[in-house]
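Peer 1: Following is a predicted model, sequence given first.
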Amino acid sequence: MLRPMNTYFSVQDQVNEATALRTLNIFAVDLITIPSVEDLFWYVAQNVVGKLHFVDCVIYQANEAQTELTQVAAWGEKNPYGREILNPMIIPFGHGITGQVAQTQSAIIIKDLLKDQNYIPDTQPARSEICVPLIFRGRVVGVIDSESPEPQAFGEAELEILRTVAAMTSAKLELLAETQRSKQRYQDLLVSHAQLTQETNNRKALEAKLFEARKLEAIGRLTGRFAHEFNNLLTVISGNLEFLECAATTAETADILRDAQDAANRGAKLIRDMLTFAQRTRLEPAVLDINRCITTLCRQHTAILGNAPDLSLASDLWPVLIDPKGFDAALLNLALNAQDAMPEGGLLSIKTENYVHSLVASAPAAPDLLPGRYVCVSLTDQGVGIASDRLGQIFDPFFTSKSVGTGAGLGLSMVKGFIQQSGGAVTVASDLGRGTTVQLFIPIAPSLVNELLTLGA
């Protein structure tokens, strides 16, 4: 145990003083590399106080509320091995000698514990005690405490040493706290940056959607106006061609007029497709059994569809409200598109299922799909697929990946316009070289909605 320093030092006093200075110097160097508060407390107990020839040392840590102290590191009988404290004590502020030091923020030396009524004996009773507070920004964060079985064991020399250790420990605690604050500020900056990036991306996505919606609205308005005007012209042209065909005097003239009439008819179909895309078609919705529509369509068009599609139709499918002719045209259009995407052959699969989209759904099947009950019709081919950079264009009017003269580019745009006008949505997913899946979400019949709500389905 260190003895009080006198004016005249004995050889042992000089050895103790040299040991203290060397230990404190090593502590000052090692302070830089200590990574945490826990490591700091154990280092001080075992490698500083323990090497200064104190019999024992216990370090208490104060809680955030400044109401109690808990033993967190030790040297001596309380710590016979490793980083473990035997029977760690919890002392309220103001209780016992250690609690008084925490409350008053003042160091204390008790020369004879038998004469002190505030002494709280631990596992091994002691005769003298020294306590020094750890103060950080005006708050007690802990206490360094040492006891001795001998009375009069501590003096000013030991108090000076422990005060120095406490000051160095408190300075390191402040550095660790500042490091933690810096890490937290950095993490907060990362979170803020991520949130800002997400908000920026969301804003850009919303701006892109708004631009796309405005573009499609403008195109639709222009297309609808143009289609109506051009349809009037085609009606006049087609009518006059019929009169001329009736008055044709030669077979050659009749053939020419029929070619002209065929061209006028194709133009009229193009106009109808444009009106469908612009969602200005006059629809006549009816309650339909989608499964029956699909099987009938496949049976009636076996010649143009080639291999019969693989059908996976739900047995309990809800009836839908949709224009029958429009649905047949959309389905046939998609089926023919799928056949064109499989020039070397392949299987077209058609699947139906019930689908419920609610406000709590994490990710709707289609971004513009309103909450409700739908029938989902999926068409999957094994074709060439669509490149990801072109996937967003396939619903644009007059966009086509086919060669010139083999498609007007209104097929998918017509399908999307019709389904949206019917209150549904269309999605497409494609894997280049492996195939494409198009999904139609068709709202169910309103009468069935009320029935399902009543049943809680």
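Peer 2: That came through, no problem.

Peer 1: Now do the helices in the chain.
Peer 2: In chain order, the chain shows helices spanning 11-30, 37-43, 96-104, 156-246, 251-277, 290-300, 302-305, 324-340, 388-391, 411-421, 446-455, with DSSP state H as the criterion.

Peer 1: Highest mean neighbour count out of those?
Peer 2: Stretch with highest mean neighbour count among these: helix 411-421 (a mean of 24; mean count of other Cβ atoms under 10 Å). Where C-beta positions appear, they are placed from N, C-alpha and C, glycine not excepted.

Peer 1: just checking, V375 touches V356?
Peer 2: No - judged on Cβ atoms under 8 Å, V375 makes no contact with V356 at a distance of 10.8 Å.

Peer 1: Neighbour count for the two, which is higher?
Peer 2: Looking at V375 and V356 with other Cβ atoms under 10 Å, you find the greater number of neighbours at V375, namely 25 against 12.

Peer 1: For K351, find the nearest of the helices of the chain.
Peer 2: With Cβ to Cβ as the measure, helix 290-300 is the member of these nearest K351 (9.8 Å).

Peer 1: relative to helix 324-340, how tilted is the closest one?
Peer 2: Orientation of helix 290-300 against helix 324-340 (axes from the mean of the first three to the mean of the last three Cα atoms, to 10 degrees) gives an angle of 60 degrees.

Peer 1: Report the central residue of the chain.
Peer 2: Q198 (10.2 Å; Cα atoms, centre = their mean).

Peer 1: any idea how far F395 is from that residue?
Peer 2: Distance from Q198 to F395, counting by Cβ to Cβ, to the nearest Å: 27 Å.

Peer 1: Residue ranges in the stretch 101-250 of the chain under the pLDDT threshold?
Peer 2: The stretch 101-250 of the chain contains residues with pLDDT under 70 at 115-124, 209, 212-213, 215-229, 231, 247-249.

Peer 1: 80 - rerun?
Peer 2: Scanning the stretch 101-250 of the chain for pLDDT under 80 picks out 114-126, 205-250.

Peer 1: Next one, pLDDT for R280 please.
Peer 2: The pLDDT attached to R280 in the predicted structure is 54.

Peer 1: Oops, could you answer that again for P35 instead?
Peer 2: The predicted local confidence for P35 comes out at a pLDDT of 91.

Peer 1: P133 is in contact with S106, correct?
Peer 2: Yes - in terms of Cβ under 8 Å, S106 counts as a neighbour of P133; the distance is 7.1 Å.

Peer 1: and those two? which has more neighbours close in?
Peer 2: Between S106 and P133, counting by other Cβ under 10 Å, P133 is the more crowded of the two (25 against 11).

Peer 1: Now do the same contact list for the more buried one.
Peer 2: Residues near P133 by Cβ atoms under 8 Å, 6 or more residues apart in numbering: V101, A102, Q105, S106, A107, V140, G142, V143, A166.

Peer 1: Identify, from those, the entry nearest to L159.
Peer 2: Sorting the contacts of P133 by distance to L159 puts A107 at the head of the list, at 6.1 Å, by Cβ to Cβ.

Peer 1: I'd assumed L162 was in contact with the closest one.
Peer 2: Yes - between A107 and L162 a contact is recorded at 7.3 Å, counting by Cβ under 8 Å.

Peer 1: shared neighbours of these two, which are they?
Peer 2: In the contact map built from Cβ under 8 Å, 6+ apart, the residues linked to both A107 and L162 are I130, V132.
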